[in-house]
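**Student:** Requesting a structural model of the entry that follows:
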Amino acid sequence: MKINGIAYRSVWRPSDDAKSIRIFDQTRFPWEVEVLELRDMGAVAHAIRSMQVRGAPLIGAVAAYGLVFALQDDASDAALEKAAADLIETRPTAINLRWAIERMVKHLRSLPPERRIDAGYVEADAICDEDVQVNEAIGRHGLELIREIWERKGRQGRVNLLTHCNAGWIATVDWGTALAPIYMAHDEGIPVHVWVDETRPRNQGSLLTAWELGSHGVAHTVIADNAGGHYMQAGDVDMVIVGTDRVTAQGDVANKIGTYLKALAAKDNNVPFWVALPSSTIDWRVRDGVKEIPIEERSQNEVLFMTGLTESGDPGRVRIAPKNSPAANPAFDVTPARLVTGLITERGRCDASEEGLKALFPES
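**Tutor:** Coordinates of the predicted model:
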């Protein structure tokens, strides 16, 4: 994808032999495009915790490089295991992080310490390249759904989609998950329009998804988080499509807080509710998402304060609740599989069920 006509990935090495990576500071979007260079594991861990990098696939890719950085001073087995454990703890809900770290550890543990750094960069690069290919495949499979809606509407009007949070290219290495089919439909000439949930409390929808879609020329409208059900009742939503941070073996979906409410509204209004994900987001060790997925509790200040542009045009932060009012801030919720129309993966679409997932991924 592009910024001001220049193609970027969301994480990249400045050169093939560079011992650092570059990322966008996503806490600065959309007001500024700031590139950070990360050279050590501490910087990577901070970037993940502070959400300078965010989105399950991107977190995993960046963490893979963070593990290699940790080995630069000590490539022993003990150092490898400790760095892996520390990185996994930075964001407990997104399973791609654990998947990427476990893949790296499995690959590097079999090698002598003196070979681990060079091999680690090769493997981290491979994770990034594969993510791009996987997301492009997700886009193609999701595009078929949008085409079907367009044909059912007699190629009249527009296809109205609703999305929550940000599952675009800046949440992955490139393309995105839920937004990939939308970009492809737009590029194909299908008139798509996206209802963009603001996605409180960090406003990833109004800040990031709206910026992404606008940069690509995709028609969109930012709406309050509570407005989605209204538009579904009015017949103004043809399909809901979201990303996810973890999918269980039976098809339960953990995603940004508020996703569950969208699924309930979609079910009540017979609106298809699709979830786009790479297979690395499936946690085959977990079945019941409500009972078993750990839900990250973030700082109450994300709820009590809001950041935006002031009237002077400068970024600013304001308190939006009384000083003596506390806040709770669960970062994710779980949508049970019974509310999900289906899953869109790199291998195709399936029901949100153990049977559906096993049909696509029999080796798991």
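**Student:** From here on, just use CA atoms for contacts and neighbour counts.
**Tutor:** Will do.
**Student:** any idea how far the spatially most central residue of the chain lies from Thr209?
**Tutor:** By Cα atoms, centre = their mean, the chain has its centre lying nearest to Gly55, at 3.1 Å. As judged by Cα to Cα, to the nearest Å, Gly55 and Thr209 stand 12 Å apart.
**Student:** anything in contact with each of the two?
**Tutor:** Overlap of the contact sets of Gly55 and Thr209 (by Cα atoms under 8 Å, 6 or more residues apart in numbering) consists of Asn166, Ala167.
**Student:** what kind of secondary structure is Lys358 in?
**Tutor:** The three-state label given to Lys358 by DSSP: H, G, I helix; E, B strand; the rest coil is helix.
**Student:** wait, what's in contact with it?
**Tutor:** Taking Cα under 8 Å, 6+ apart, one finds Ser364 in contact with Lys358.
**Student:** before we move on, what about Arg54?
**Tutor:** Gln26, Ile48, Ile170, Ala171.
**Student:** do the same with Glu114
**Tutor:** Counting by Cα under 8 Å, 6+ apart, Glu114 touches Ala75.
**Student:** Repeat that for Val44.
**Tutor:** Neighbour list for Val44: Leu38, Val62, Ala63, Gly66 [criterion: Cα under 8 Å, 6+ apart].
**Student:** let's see it at 10 Å
**Tutor:** Counting by Cα atoms under 10 Å, 6 or more residues apart in numbering, Val44 touches 21, 37-38, 50, 52-53, 59, 62-67, 69-70, 87, 90.
**Student:** Please apply the same query to Met104.
**Tutor:** Contacts of Met104 by Cα under 10 Å, 6+ apart are 63-65, 67-68, 80, 84, 98, 116, 119-121, 123-124, 127.
**Student:** between these, which is closest to Asp245?
**Tutor:** Nearest to Asp245 among those: Arg98, at 11.3 Å, using Cα to Cα.
**Student:** quick one, longest helix in this protein?
**Tutor:** Determined from DSSP state H, the single longest helix within the chain is helix 113-152.
**Student:** Report the distance from it to the chain centre.
**Tutor:** Centroid separation for helix 113-152 versus its chain: 13 Å, with Cα atoms, centre = their mean, to the nearest Å.
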